[in-house]
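Asker: Give me the fold of what follows.
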Amino acid sequence: MSFAQSVYEKLTNEEDARVCAEIGEDACREAPSSFGLLLASYLLTKLGDALASPKTTLAWLTGAVGAPAFVLAFLVPIRESGSLIPQLFIGGVVRRLPIRKWVWVGGSLGQFGAIAGIGVCALFLEGAAAGWSILALIAVFSLARGFCSVAAKDVLGKTIPKNKRGQLMGWSAAGAGLLTVGIGGALMLPAAQQDATPLSLLVVGAALLWLLAAGVYAQVPEYAGETGGGGTAVAAVKRAGAVLGDKPFRRFVMTRALLMCSALAAPFYVALAQERIGVQTYLLGAFVAAAGLAGLVSGPVWGRFADVSSKRVMIAAALVTAGFGLLTAAVDRLLPALVSSLWFLPLAYFGLAVAHSGVRVGRKTYVVNLGTGNQRTDYVAVSNSVIGVLLLLAGGVGALAPLISNTGVIGLLSLMGLAGAALGTSLPEAEAQS
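Answerer: Prediction:
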């Protein structure tokens with residue numbers, strides 16, 4: 001415990017680790033241990049996400065096994081929306097449980113099985129059979145991820161003091177960023193080739209990280225909390241209507257929807273680089289490393305900022321997203337030779353990744369702090385379900401690329417970021433006032 005307390009105090013800059021806000025006395029006593037266990041489990045799953053990313057590794061894998069083209073197009077939408085949309089109903093299940101860490105453990109085991117299955121399929125299947133199998137397993141992975149998402153925020157709210165939650169997510173983002181930089185560096189090596197066998201083994205190895213994370217998370221000292229309010233799908237829809245009637249929460253969902261621009265813009269930076277520079281493997285590695293470096297340097301900063309005002313983190317991140325997007329669009333129009341250089345777009349992507357890290361830390365901290373008990377579970381479940389639907393719709397913005405170009409899409413999403421920043425100014429503060 002003394003080691004855990006020492007780490008806790010160093011990472012949170014807290015001289016008295018017993019000072020807690022909005023958690024019980026027993027949970028407060030265990031906060032240093034909970035902080036370390038949650039941090040370790042988050043790092044393991046984030047590394048798994050980096051190793052088995054649908055934007056990089058899985059995309060390469062579908063090409064290596066000769067899967068149909070539509071498989072690549074559906075990897076990211078199924079992975080993201082498949083975990084978000086069902087959360088309204090998942091929340092009803094989670095509400096009945098006084099101890100909710102086991103939901104996260106079960107979800108992590110499900111993700112382990114799905115990702116390991118993808119690696120095995122890629123080793124023994126080819127063509128359409130491999131493609132359909134990968135999509136089906138991505139759907140399973142996404143559903144398991146949804147259970148983890150709802151339970152994680154609830155366990156976080158029960159075990160970590162209010163003014164330390166942003167720092168926990170910030171440090172986990174930084175640690176994952178450091179590891180991802182290494183992955184990007186490996187992809188930049190000449191030996192990194194688009195071959196099914198090593199990529200399949202890489203995916204199977206990544207799956208083991210979710211298995212380890214489940215074992216770590218099972219040790220979190222969570223105490224029984226509020227229950228009740230679960231029920232049928234009809235009850236879940238009624239509850240969603242009631243929750244959306246909460247004006248501050250409804251405004252948060254609208255702001256979060258506009259902040260999707262930071263995630264939606266990322267593929268268009270990569271597509272623009274492929275268009276202007278080429279499709280060499282080292283270029284992919286440069287973007288992966290840029291994303292990891294962004295998480296490494298910005299995660300702790302965003303985390304501390306979020307513990308002061310997660311609302312202002314979201315506003316600042318939206319403005320950074322818009323600023324880099326408008327700069328990239330302007331440079332591409334006015335100085336095309338600069339965009340074609342080897343450094344400009346990876347650097348712009350780094351800026352976007354810094355902003356996206358802020359969006360994630362800010363909105364996660366905000367929604368956890370905005371509610372308490374079962375209200376928090378409802379907030380997380382409803383907001384994620386709504387965003388999942390909107391993500392599928394907003395993802396269609398890519399269809400505009402042939403008409404307005406990749407640069408035009410980046411510019412359009414930048415305006416979306418400006419709108420999100422403006423709307424964010426109307427949100428109430430969610431942090432405890434000191």
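Asker: quick one: low-confidence parts of the stretch 251-400 of the chain?
Answerer: Counting by pLDDT under 70, the stretch 251-400 of the chain contains low-confidence ranges at 279-281, 284, 373-374, 377, 395-396, 398-399.
Asker: Contact partners for the most centrally placed residue in the chain?
Answerer: What sits nearest the mean C-alpha location of the chain, by C-alpha atoms, centre = their mean, is residue 360, with 6.4 Å. With contact set as C-beta atoms under 8 Å, 6 or more residues apart in numbering, residue 360 has these partners: 169, 173. C-beta: built from backbone N, CA, C; applies to glycine.
Asker: what about it, which helix or strand?
Answerer: Taking DSSP states H and E as the criterion, residue 360 maps to helix 344-370.
Asker: What of residue 180?
Answerer: Counting by DSSP H and E, the element that carries residue 180 is helix 165-187.
Asker: and the angle from that helix to helix 344-370?
Answerer: Angular relation of helix 165-187 and helix 344-370 on a 0 to 180 degree scale: 150 degrees, by axes from the mean of the first three to the mean of the last three C-alpha atoms, to 10 degrees.
Asker: All the helices of the stretch 251-400 of the chain, in order from the start?
Answerer: If you assign secondary structure with DSSP state H, counting those that start in this stretch, the helices in the stretch 251-400 of the chain sit at 261-276, 281-334, 336-339, 344-370, 373-394.
Asker: could you measure residue 405 against residue 276, distance?
Answerer: For residue 405, the distance to residue 276 under the criterion C-beta to C-beta, to the nearest Å works out to 11 Å.
Asker: Could you list every helix and strand in contact with the strand or helix carrying residue 137?
Answerer: With secondary structure defined by DSSP H and E, residue 137 is part of helix 127-159. Contacting helix 127-159 under the criterion 3 or more C-beta pairs under 8 Å, 6 or more residues apart in numbering; DSSP states H and E are the following elements: helix 31-51, helix 57-64, helix 69-84, helix 87-94, helix 101-124, helix 165-187, helix 344-370, helix 373-394.
Asker: can the ones you listed go into JSON lines with extra columns for distance to residue 218?
Answerer: Rendered in JSON lines, the data for the helices and strands packed on helix 127-159 read as follows (distance: least, C-beta to C-beta, whole Å):
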{"stretch": "helix 31-51", "distance to residue 218": "9"}
{"stretch": "helix 57-64", "distance to residue 218": "27"}
{"stretch": "helix 69-84", "distance to residue 218": "21"}
{"stretch": "helix 87-94", "distance to residue 218": "17"}
{"stretch": "helix 101-124", "distance to residue 218": "5"}
{"stretch": "helix 165-187", "distance to residue 218": "18"}
{"stretch": "helix 344-370", "distance to residue 218": "21"}
{"stretch": "helix 373-394", "distance to residue 218": "20"}
